[in-house]
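Novice: mind folding the following:
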Amino acid sequence: MIAPDLTGFGGSDELPFAYSLDDYVCEVLKLINKLNLDSYSVVAHSFGARIAIRLCQKDRRIKKLVITGGAGLKPKRTLKYYFKVYLYKTLKKIFKNAKLKRFGSSDYKKLSPVMKESFVKIVNEHLDNEVSKISAKTLIIHGELDRETPVCSAKKFNSKIKNSKLKIIKGAGHFAFIDNPTVFNFYLFEFLGEGYVI
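Specialist: As a prediction, the model looks like this:
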């Protein structure tokens, strides 16, 4: 099992420039090629799902894919969301150097300037068309109470990926593997070891 710290995350170096999704995919592919793997499976959480989706288009060595709390699909937006975006852009024009602290997610606010630029690039790229081209057997494990990527997103992944199964873990949130590791690991190892979970 390999759990890489991507550039800008964990113990890795800060981004040298604002990465796009393709920059991260290239980084992962370099690692896979360096390890000289003939085939491999991917377990991707949240932002990692974006990388995995694009990786599936570029590398046919992926045998199985597990998406948990997956991001990358175009979310349903409310009128309130569009109003906030419009308000933010308007205030930015009026107060050019102002730091509009009440706007942006808590994750976004914690990022360095280069990571913020990368974040904006990546979250505005939607992968709906690419998801339907995934040919690897796929398991989607999702927390019932996930607010970052709601269950409707998991159902959308499931409907778009031909060889996919969806398992929803009751009482779990965005980090289902932490909230209920016993159930999560059962689904995961059953799928990676033998095939589809019954």
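Novice: drop to CA atoms for contacts and neighbour counts, all remaining ones
Specialist: Fine.
Novice: separation between F9 and Y24?
Specialist: From F9 across to Y24, the span is 11 Å (Cα to Cα, to the nearest Å).
Novice: between those two, who's got more neighbours?
Specialist: Y24 (18 against 12; other Cα atoms under 10 Å).
Novice: host element of the more buried one?
Specialist: Applying DSSP states H and E as the criterion places Y24 in helix 21-34.
Novice: in that helix, which residues are buried?
Specialist: L21, Y24, V25, V28, I32 (16 or more other Cα atoms under 10 Å).
Novice: over to stretch 123-134?
Specialist: Buried residues in stretch 123-134 (16+ other Cα under 10 Å): V123, E130, V131, I134.
Novice: do the same with stretch 40-60
Specialist: The neighbour-count check on stretch 40-60 (16+ other Cα under 10 Å) flags 41-56 as buried.
Novice: unless I'm mixing things up, S164 is touching K137, no?
Specialist: Yes. S164 is in contact with K137 according to Cα atoms under 8 Å; the separation is 6.0 Å.
Novice: center of this structure - which residue?
Specialist: Centroid-nearest residue in the chain: F47, 2.6 Å away (criterion: Cα atoms, centre = their mean).
Novice: do you know the pLDDT at it?
Specialist: Note on F47: pLDDT of 93.
Novice: residues in contact with it?
Specialist: G70, A71, G72 (Cα atoms under 8 Å, 6 or more residues apart in numbering).
Novice: can I get those residues in JSON lines including secondary structure?
Specialist: Formatted as JSON lines, the contacts of F47 follow (DSSP: H, G, I helix; E, B strand; the rest coil):
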{"residue": "G70", "secondary structure": "coil"}
{"residue": "A71", "secondary structure": "coil"}
{"residue": "G72", "secondary structure": "coil"}
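Novice: could you export those residues as JSON lines, including distance to H142?
Specialist: Compiled in JSON lines, the contacts of F47 are given as follows (distance: Cα to Cα, whole Å):
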{"residue": "G70", "distance to H142": "8"}
{"residue": "A71", "distance to H142": "11"}
{"residue": "G72", "distance to H142": "14"}
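Novice: do you know how far S153 is from K160?
Specialist: 11 Å.
Novice: check contacts around V151.
Specialist: Contacts of V151 by Cα under 8 Å, 6+ apart are H142, G143, E144, L145.
Novice: from these, which land in helices?
Specialist: Per DSSP state H, helices hold no members of these.
Novice: does V43 touch V66 like I think?
Specialist: Yes. Between V43 and V66 there is a contact at 4.6 Å, judged by Cα under 8 Å.
Novice: how about the helices in this structure?
Specialist: 21-34, 47-58, 79-94, 106-109, 113-123, 128-131, 151-160, 176-179, 181-193.
Novice: going by mean pLDDT, which of those comes out lowest?
Specialist: helix 79-94 (a mean of 59).
Novice: how is this protein partitioned into domains?
Specialist: As assigned by automatic domain parsing, the chain contains the domains 21-76+119-193, 79-117.
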